[in-house]
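Student: Here is a sequence with its predicted model. Questions after.
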Amino acid sequence: MASATATRPGSSDVTAGPRTDRRPPVPRTFYLFLVPTLVLFTLSITLPAVMGITLSFTDSVGFGEFQFTGLTNYVALFQDPAIRSSYLFTIGFALVTVLLVNVLAFLLAVGLTARIRAKVALRAVFVLPMVISGIVIAYVFNFLFSNSIPQLGQATGITFLEQSLLADPDLAWVTIVVVTAWQAVPSALLIYIAGILSIPGEVYEAAAMDGASARRRLVSITLPLVAGYVVINMVIGFKNFLNAYDIIVGLTNGGPGTATRSVAMTIFTGFTGGDYAYQMANATIFFLIAVVLAVAQLRLTRGRSALS
Amino acid sequence: MTAQTLTTTTPGQVPVRRGRLRRRGGEERTSRGTTIALVVCTLAVFAPLYATLTMSFKTTAQSVDGQVFSLPSPISIDGFVEAWRLTNFPRGFAISVFVTVVTVVGTVVLASLAAYAIARNWDRGFFRWSFYYLLAAMFLPFPVLALSQVKLTGMVGLANPGGVALLHVMFQLSFSVLLFTAFIRGLPEELEESARLDGATTWTVFRYVVFPMMAPMSATVAIFAFLASWNDFMMPSLITADSTLQTLPVLQSVFQSQFSSSYNVAFASYLMAMAPAIIVYLFTQRWVMAGVTQGAIK
């Protein structure tokens, strides 16, 4: 048993057993298991990433010859109102959505871990949106927003709803938030359910005996004890929503005008707009933001014993 | 609306789970209020799906009135017939199945092999750093790579469903290797050692000892690869050059531009595109739920 634990991966070097200078060689098969995958991975992920970042310092249009132009693209990026508005839209949308998704998912998780009937079936229903294609459900909602809801508005006399939200530059983003949340709540919900179920029952029992009200127990016990999960859900969600693409394409396609054009959509205009290198610079900035978020996630989640 | 009902019932679950405290009145009863509130909330899930279902069985004439919640009368399958023809459904379906099957099999095989090599050689720098290297891709946003990937796949003749499947596998690797590695770490090594003493090679050990033991994790990885691949829109739409070789989600765009008034046809097509994922989900939801939790908490 001791030997099993000692050699188990992940154990620190101290417990790795007696280390001699000549360890037995690794069976060659292990390299065959790993190296081909590493090569494929490098060719299809790392190489394009390096290529893209390199080309962001050039004037490439995507093909043919190009020259290095230093930071020209980056300087231009920071002065470009179209880029700025796409970042403002994307970050604002991601913030609103992450808040909405987490509030809904948390409330549903509290309900789905309570003593209710048909618990298994209800959980299954609330997870269902996760398995549906983003673009397809966006097309379905597109119809609802542009036909059914205005009709409802006319029938009920609510003037606010009579116009299609999709055609309103100031409100089209609401539709994207709604559909993104519809699809994103399930995964956050499952994480909250796992979090709530990991709280020891004794804590609630003690609080109940001290006469804490149900509301008090939710605020003073459940919330603080799932705080780590809240952080995880927030960071994962924010990271995902920054990449928003499918649902926006299906709902507004970036419009009306460019009111709902996300950063991802802006980068893809580099295919056709002739500003390939310029959008690669945009992508590089986008990548740096993702790295900052990743580091933040590691920092925030490290050391939370409940999560390891 | 539901907040109040939800809060009052939460802690009630606990004594049941632990069963240690004497049962006390109110909190022990099943909360009807919460159940009802949750059932009402399921309408938010069902409404768009119900709309899809009813719309797809309407006639074109009935579908244009915009009343999505009215029942189809008469029930018509013309929408399906027309959608079948317009999207060339059998071909789109076959391509989606091809891409998804290659993705699922490729992900499970490559990720489990790599994870086994990594987990059993963790004290070697090469394997440990390979793990971090593969993991780093989780933080790489797809738009960063997209333009170069399109160029590269075009250059090497992979601007087709095969290339899409390959890229799907590569993007699934990080998450899948993470899950497999964690799982293998939890497996006792004695079985492998005794098999080795009996003269089994590393490959035999993997094939007949380790891989069968990993079945539950393989199921989780496979389901996630399936969902990511079947539902993906961005990758095939960017990578596949020939529009007749597109997957089902991408094919749905024809209804947004060319046939914008035959809503019954569009919805029938949407239904056919989303149904396989829903059906697979219904049979595998236990692993889907376990998978999200395992993946996210790491």
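Tutor: Okay, I see it. Numbers count the residues shown, from 1 in each chain, chains lettered A, B, ... in the order given.
Student: is chain B contacted by the single longest helix found in chain A?
Tutor: In chain A, with assignment by DSSP state H, the single longest helix is helix A:81-112. Yes - counting by CB under 8 Å from any CB of the partner chain, chain B is contacted by helix A:81-112 at A:107, A:108, A:110, A:111, A:112. For glycine as for every other residue, the C-beta is placed from the backbone atoms N, C-alpha and C.
Student: want to try JSON lines for the residues you listed, with neighbour count as columns?
Tutor: Shown next, in JSON lines, are the residues of helix A:81-112 next to chain B (neighbours: other CB atoms under 10 Å in any protein chain shown):
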{"residue": "A:107", "neighbour count": "20"}
{"residue": "A:108", "neighbour count": "24"}
{"residue": "A:110", "neighbour count": "26"}
{"residue": "A:111", "neighbour count": "27"}
{"residue": "A:112", "neighbour count": "24"}
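Student: got the residues you listed as CSV, with distance to residue A:296 columns?
Tutor: Formatted as CSV, the residues of helix A:81-112 next to chain B follow (distance: CB to CB, whole Å):
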residue, distance to residue A:296
A:107, 26
A:108, 26
A:110, 27
A:111, 30
A:112, 29
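Student: between those, which is nearest residue A:142?
Tutor: Set against residue A:142, the nearest of those by CB to CB is residue A:108 (25.3 Å).
Student: Quick one: residues contacting that closest one.
Tutor: A:126, A:185, A:189, A:192, B:38, B:41 (CB atoms under 8 Å, 6 or more residues apart in numbering or on different chains).
Student: The residues you listed in strands, which ones?
Tutor: Here DSSP state E is the test, and the contacts of residue A:108 give no hits in strands at all.
Student: measure stretch A:118-132 end to end?
Tutor: 23 Å (CA to CA, to the nearest Å).
Student: related to what we said a few turns ago, farthest-apart pair in the residues of helix A:81-112 next to chain B, please.
Tutor: Pairwise over these, using CB to CB, the maximum falls at A:107 and A:112, 9.6 Å.
Student: Quick check: chain neighbours aside, which residue is closest to residue B:46?
Tutor: residue A:125 (7.6 Å; CB to CB, 6 or more residues apart in numbering or on different chains).
Student: wait, isn't the one you found in contact with residue B:42?
Tutor: Yes - Residue A:125 lies in contact with residue B:42 (CB atoms under 8 Å); the separation is 4.9 Å.
Student: the more surrounded of these two?
Tutor: residue A:125 (18 against 14; other CB atoms under 10 Å in any protein chain shown).
Student: OK, contacts around residue A:66?
Tutor: Contacts of residue A:66 (CB under 8 Å, 6+ apart): A:55, A:58, A:59, A:60, A:277.
Student: Make JSON lines out of these and add pLDDT and distance to residue B:209.
Tutor: As requested, these are exported to JSON lines (pLDDT from 0 to 100; distance: CB to CB, whole Å):
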{"residue": "A:55", "pLDDT": "90", "distance to residue B:209": "47"}
{"residue": "A:58", "pLDDT": "91", "distance to residue B:209": "52"}
{"residue": "A:59", "pLDDT": "89", "distance to residue B:209": "56"}
{"residue": "A:60", "pLDDT": "85", "distance to residue B:209": "51"}
{"residue": "A:277", "pLDDT": "91", "distance to residue B:209": "52"}
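Student: Looking at the residue positioned nearest the centre of chain B now. What's its pLDDT?
Tutor: Central residue check for chain B by CA atoms, centre = their mean: the C-alpha nearest the mean position is that of residue B:227, 2.0 Å away. We have a pLDDT of 92 for residue B:227.
Student: can you check residue A:7 too?
Tutor: pLDDT, read off for residue A:7, is 45.
Student: How about the one 3 residues further on?
Tutor: At residue A:10 the predicted local confidence, pLDDT, stands at 45.
Student: hey, where'd the strands end up in the stretch 51-200 of chain B?
Tutor: Under the criterion DSSP state E, counting those that start in this stretch, the stretch 51-200 of chain B contains no strands.
Student: neighbours around residue 65, how many?
Tutor: By default, I'm working from chain A. 8.
Student: think we crossed wires, I meant chain B
Tutor: By other CB under 10 Å, the residues close to residue B:65 number 12.
Student: Ramachandran angles for the closest residue to chain A within the stretch 1-150 of chain B?
Tutor: Nearest residue of the stretch 1-150 of chain B to chain A: residue B:122, at 2.7 Å (CB to the nearest CB). Residue B:122 adopts backbone torsions of phi -60, psi -30, taken as degrees, to the nearest 10.
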